[in-house]
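Engineer: Pasting the sequence and the predicted coordinates here, then a few questions.
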Amino acid sequence: MTISTRKERQKEELRAKILQTAKELFIEHGFEQTSIRNIAERIEYSPTTIYLYFKDKDDIFHALHLEGFILLNQYFRALEHVSDPFERLKAISKSYINFAVENGEFYDLMFINRSPINSINKEDAKWEEGKRAFGFLTGTITECIEKGYFKGMNPEVLAFTVWSMVHGVCSLEIRNRCDVISEENRQGLSDKACAIIIEIFERMHPKNIQ
């Protein structure tokens, strides 16, 4: 390994360490209450070192947001082979919940934790992965409508509604807000909730509407 290659790898490792530490602190204390100095102290580097990699705290958050949506889109890409859009929609719901449960810290940061989402919206390049994820859901619903499902519905509004339903399940699950549910029903609760959401989709099938 050449010296330049080793240095590049060390830079990548430190950048990853900064991001992982920032993610932990944002979740522990919130975005507003976390400073660059806090991050630097946790990894035992000077704040100046952090600024060699990121221009400010928002920049760190943007990088984490991007990582999270890249990961979510990997889950969705695994469903591109599902040719029937209605079956793909059901699979998206399951996959989204799996992503949240398996990547709770990222999900919390992306969708629950208070963060500078407005500044992300202004930076289209950094929000591209987020738009791609929602676009995959909206595109699938549009295909469903073209096939005769969800007649008369606005695909974007319906996509938002579907997202809201599964988001509710995910948020309660990863924030451990399910204690109100009896222990016998708590086992596999996310899967059970997802099955009910899918049943709602099934009931909206034109063949089931009299």
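Structural biologist: Sure thing, it's come through.

Engineer: what about the closest residue to residue 56 other than its chain neighbours, distance to residue 98?
Structural biologist: Once flanking residues are discounted, residue 56 sits nearest to residue 36: 7.5 Å by Cβ to Cβ, 6 or more residues apart in numbering. Heads up, the C-betas are built off the backbone N, CA and C, glycines and all. For residue 36, the distance to residue 98 (Cβ to Cβ, to the nearest Å) stands at 34 Å.

Engineer: With neighbour numbers in mind, choose between the two.
Structural biologist: Neighbours per residue, other Cβ atoms under 10 Å: of residue 36 and residue 98, the larger number sits with residue 36, 18 against 15.

Engineer: worst-scoring helix or strand of the protein, pLDDT-wise?
Structural biologist: helix 117-121 (a mean of 55; mean pLDDT, DSSP states H and E).

Engineer: buried sites along the longest helix seen in the chain?
Structural biologist: Across the chain, the longest stretch assigned as helix under DSSP state H is helix 3-29. For helix 3-29, a neighbour-count test (16 or more other Cβ atoms under 10 Å) marks 14-15, 18-19, 21-23, 25-27 as buried.

Engineer: what does stretch 141-159 give?
Structural biologist: Result for stretch 141-159 [16+ other Cβ under 10 Å]: buried residues 141-145, 149-150, 155, 158-159.

Engineer: Could you list the residues in contact with that stretch?
Structural biologist: Applying Cβ atoms under 8 Å, 6 or more residues apart in numbering, the external contacts of stretch 141-159 come out as 85-86, 88-89, 134, 137-138, 162, 204-206.

Engineer: Kindly recompute the last result at 10 Å.
Structural biologist: 83-89, 92, 134-140, 160-162, 201, 204-207, 209 (Cβ atoms under 10 Å, 6 or more residues apart in numbering).

Engineer: Narrow the residues you listed to just the buried residues.
Structural biologist: The neighbour-count test (16+ other Cβ under 10 Å) applied to these identifies 85-86, 88-89, 92, 136-138, 140, 162, 201, 204 as buried.

Engineer: Where does confidence bottom out across those?
Structural biologist: Ranked by pLDDT, these bottom out at residue 204 (78).

Engineer: Do a quick rundown of the helices in this protein.
Structural biologist: Under DSSP H, the chain gives helices at 3-29, 36-43, 47-51, 57-77, 85-102, 104-107, 117-121, 124-146, 155-174, 183-186, 189-203.

Engineer: any idea of the angle the fourth one forms with helix 124-146?
Structural biologist: Relative orientation of helix 57-77 versus helix 124-146 (axes from the mean of the first three to the mean of the last three Cα atoms, to 10 degrees): 30 degrees.

Engineer: hang on, the earlier thing: would CSV of the buried residues of helix 3-29 with pLDDT and distance to residue 197 be doable?
Structural biologist: Formatted as CSV, those follow (pLDDT from 0 to 100; distance: Cβ to Cβ, whole Å):
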residue, pLDDT, distance to residue 197
14, 95, 42
15, 96, 38
18, 97, 37
19, 96, 32
21, 96, 36
22, 95, 33
23, 93, 29
25, 94, 34
26, 91, 29
27, 88, 26
